[in-house]
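> Here is my input; please provide its structure:
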Amino acid sequence: MTSAWVVGGGSGIGRAAALRLARDGYHVTVSGRRETSLHETVEKIVAAGGRAEAVPVDVTDDDSVTAARQRAGALDLLVCSAGTNVQNRWWSDLTSADFARVVDTNLNAVTRCVLSVLPGFRAAGSGQVIVVSSWAGWQFMSAAGAAYSASKTALGALVQSLNDQEGRHGIRATHLCPGEVDTPILRTRPVPVPAAELERMLSPEHVADVIGSVVALPPEVCVNELVVTPVWNRMYIDSSAYGG
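Reported below is the predicted structural model:
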């Protein structure tokens with residue numbers, strides 16, 4: 001049985017991805033900070049006939065990541081879906097502590113997790129990494145703020161470096177850039193998103209379906225970067241000169 005480690009699997013895209021991967025036959029290790037949420041994800045997977053276990057992790061701590069990786073055992077796939085933002089995201093209000101916290105969760109944590117799985121992937125001659133980034137990691141997105149934008153943009157270069165250096169070892173990585181998704185992180189925005197707009201966004205399950213499609217491709221196929229958005233794309237609509 002193939003095995004996946006989903007980091008950030010307690011809610012949102014991470015939970016949906018864990019459910020989708022389990023449905024597709026993966027044994028899923030679900031990690032994150034909130035142990036209760038992790039167990040809820042595992043319960044949903046088991047109830048649907050899948051196999052999973054909850055392994056708490058603090059992605060900002062090297063030792064915690066190493067311990068979680070060891071508990072996960074042999075792996076075929078890593079999905080990094082942990083992310084955060086702050087409400088005070090404009091330069092006029094942003095603090096260096098908030099900037100550092102966002103970067104540590106969104107960027108440094110991915111590095112920690114990737115470093116922990118690479119030795120096993122190299123030994124196996126194969127392995128896959130899905131980094132859940134953002135539209136803000138593909139194009140500038142004013143609403144995301146400085147810290148989130150900087151951290152997510154850097155993930156694109158991180159994934160390219162993985163494919164550059166580790167592709168020759170059979171390892172492939174994808175920089176997945178969803179547009180707006182109705183997840184809990186939206187509640188951190190300084191201006192709340194209207195309910196009517198939330199209904200037009202992607203759901204976590206939509207993104208999970210994309211992840212399922214990417215990991216189902218043959219091992220010689222690498223999707224380096226993938227952007228997926230709702231058809232009603234506010235990134236276009238809010239800045240479009242078209243008035244039709």
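
> Can you identify the element that follows the longest helix anywhere in the chain toward the C-terminus?
Identified as the longest helix of the chain according to DSSP state H is helix 145-166. Toward the C-terminal end, the helix or strand that comes next after helix 145-166 (DSSP states H and E) is strand 171-178.

> I'd like the distance from the helix or strand just after that next one to the chain centre, please.
Note on strand 171-178: by DSSP H and E, the next helix or strand toward the C-terminus is helix 195-198. Centroid separation for helix 195-198 versus its chain: 23 Å, with CA atoms, centre = their mean, to the nearest Å.

> all strands for the chain, in order.
3-7, 27-31, 51-54, 77-80, 127-132, 171-178, 225-228 (DSSP state E).

> Run the chain-centre distance for the fourth one.
Pointing back at strand 77-80 there. 8 Å.

> Residues touching it, excluding its own?
With contact meaning CB atoms under 8 Å, 6 or more residues apart in numbering, strand 77-80 is reached by 2-9, 14, 17-18, 21, 26, 109-110, 113-114, 117, 127-132, 211, 215. All C-beta atoms are positioned from the backbone trio N, CA, C, and that covers glycine.

> Make a markdown table from the strands of the chain and add mean neighbour count, mean pLDDT and distance to Glu40 to it.
Converted to a markdown table, those look like this (neighbours: other CB atoms under 10 Å; pLDDT from 0 to 100; distance: least, CB to CB, whole Å):
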| stretch | mean neighbour count | mean pLDDT | distance to Glu40 |
| --- | --- | --- | --- |
| strand 3-7 | 27 | 98 | 14 |
| strand 27-31 | 28 | 98 | 10 |
| strand 51-54 | 20 | 98 | 9 |
| strand 77-80 | 26 | 98 | 18 |
| strand 127-132 | 25 | 98 | 20 |
| strand 171-178 | 25 | 98 | 22 |
| strand 225-228 | 16 | 98 | 26 |
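
> now the ones you listed as TSV including distance to Leu155?
Listed next are these as TSV, based on distance: least, CB to CB, whole Å:
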stretch	distance to Leu155
strand 3-7	13
strand 27-31	18
strand 51-54	25
strand 77-80	9
strand 127-132	5
strand 171-178	6
strand 225-228	10
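
> you'd agree Glu35 is up against Ala54?
Yes. The criterion here is CB atoms under 8 Å, and Glu35 meets it with Ala54 at 6.7 Å.

> Kindly provide the distance from Cys171 to Pro219.
In this structure residue 171 is Ile, not Cys. Distance of Ile171 to Pro219, computed by CB to CB, to the nearest Å: 10 Å.

> any common contacting residues for those two?
Ser126.

> which residues sit in contact with the most centrally placed residue in the chain?
The residue lying closest to the centre of the chain (CA atoms, centre = their mean) is Ser81, at 2.3 Å. Taking CB under 8 Å, 6+ apart as the contact definition, Ser81 lies against 6-9, 12-14, 17, 132.

> hmm, back to that, which of the residues in the longest helix of the chain are buried?
Within helix 145-166, the residues that qualify as buried are 145, 147-156, 158-159, 162-163, 166, counting by 16 or more other CB atoms under 10 Å.

> What is the most widely separated pair among these?
Greatest spacing in these, by CB to CB: Gly145 and Glu166 (31.2 Å).

> Can you check what pLDDT the model gives Leu186?
On the pLDDT scale, Leu186 is placed at 69.

> Any idea which of the strands of the chain gets closest to Ser92?
So among the strands of the chain, strand 171-178 is nearest, using CB to CB, at 27.5 Å.

> now the closest one, how far from the centre of its chain.
Computed by CA atoms, centre = their mean, the chain-centroid distance of strand 171-178 equals 9 Å.
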